[in-house]
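>>> Structural data only, the sequence is not supplied:
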């Protein structure tokens, strides 16, 4: 079992920055692909970013490319999402997820088998 706990969400003005953290426990996540997703009410959970097991490869959705950066610290069993130049349309609940059968970048939501409880990010205009 892998438990994931997100933190770092909050209210920020447009143009501001936040860093989300995802702390894992129960098992080391160093061998797994990790990802960040987000969801707004009434819409499907959408992919934001993924990182491979080593942290050497990352992929970001077009909507956040150049503004968000996913990273990981395997020694701390933690994954991060640095968010900059935030826009009101980035407002959502952000979820961290682990794909325990995958080591490479994973975009498909269905391949993630452990999820955190989510952290709210609200960007005011």
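Arrived safely, thanks for sending. Since the structure is predicted, the reported quantities are computational estimates derived from the model, not experimental observations. Numbers count the residues shown, from 1 in each chain.
>>> alpha carbons only for contacts and neighbour counts from here, please
Fine.
>>> Need the three-state assignment for the most centrally placed residue in the chain.
The chain has residue 36 as the residue nearest its centroid, 2.3 Å off, counting by Cα atoms, centre = their mean. Taken by DSSP: H, G, I helix; E, B strand; the rest coil, the conformation at residue 36 corresponds to strand.
>>> In space, what's closest to it - neighbours in sequence excluded?
residue 96 (4.7 Å; Cα to Cα, 6 or more residues apart in numbering).
>>> for the helix or strand harbouring the one you found, packing partners?
For residue 96, the element it lies in under DSSP states H and E is strand 92-99. Applying 3 or more Cα pairs under 8 Å, 6 or more residues apart in numbering; DSSP states H and E, we find strand 92-99 packed against strand 3-7, strand 33-39, strand 114-115, strand 119-124.
>>> let's go with 6 Å and repeat that
strand 33-39, strand 114-115, strand 119-124 (3 or more Cα pairs under 6 Å, 6 or more residues apart in numbering; DSSP states H and E).
>>> relative to strand 3-7, how tilted is that strand?
Calculated by axes from the mean of the first three to the mean of the last three Cα atoms, to 10 degrees, strand 92-99 forms an angle of 150 degrees with strand 3-7.
>>> Would you enumerate the residues in contact with residue 72?
78-80 (Cα atoms under 6 Å, 6 or more residues apart in numbering).
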